[in-house]
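Chemist: just the structure for this:
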Amino acid sequence: MINLIDKLLASAWNRLVRGESHSFDGPGLNLGSLVVDGHATKNNVYVPHGARAEHLALLGRSGSGKSTLLKWFAFQDIRDDRGFVFFDLHGDATPELLQVIADEERKRGTDLSGKLILIEPGDHDYSVGLNVLEGDGGHD
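Modeler: Numbering: from 1, shown residues only. Next comes the predicted model:
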């Protein structure tokens with residue numbers, strides 16, 4: 001019975017948030033397994049690629065896994081050769097992301113550095129000024 005319920009919930013969720021045709025392959029970013037009554041199920045829940053430009057809020061206490069989920073999203077994008085922006089506010093995710101990129105380079109046998117821009121505001125030798133709210137001429 002629980003298996004039927006988890007399939008229905010996962011299916012309903014994925015249909016609810018599925019947008020029009022997606023510009024990327026696959027169902028979307030994998031959020032993980034659906035949990036019903038405290039038990040993980042075999043059905044995964046996805047954020048469709050078409051909905052990625054919309055807002056998504058991750059809420060939780062310290063240590064509940066918010067940063068881990070964001071890194072999991074980035075790992076999926078690296079693996080699937082999709083672009084993304086990652087603001088590493090604590091500075092601990094950058095080494096992990098660079099390691100995943102290096103592993104992906106070894107796996108593919110190609111250099112991905114041409115696709116990578118790393119801005120590290122705390123680096124005094126190579127500091128970059130960036131104001132994400134600054135407009136450029138006639139654009140809002």
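
Chemist: look up the pLDDT of residue 8 for me, please.
Modeler: For residue 8, the model assigns a pLDDT of 65.

Chemist: hmm, I was thinking of residue 20
Modeler: pLDDT, residue 20: 40.

Chemist: residue boundaries of the strands in the chain?
Modeler: Listed in chain order, the strands of the chain (DSSP state E) span residues 29-36, 39-47.

Chemist: of all those, which lies closest to residue 60?
Modeler: Each of those has some distance to residue 60 by CB to CB; the shortest is strand 29-36, at 13.5 Å. C-beta here means a position set from N, CA and C on the backbone, and glycine is covered the same way.

Chemist: check which residues of that closest one are buried.
Modeler: Neighbour-count burial for strand 29-36 flags 29, 34, 36 (criterion: 16 or more other CB atoms under 10 Å).

Chemist: dead centre of the protein: give me the residue that sits there.
Modeler: In the chain, the residue lying closest to the centroid (CA atoms, centre = their mean) is residue 73, at 2.5 Å.
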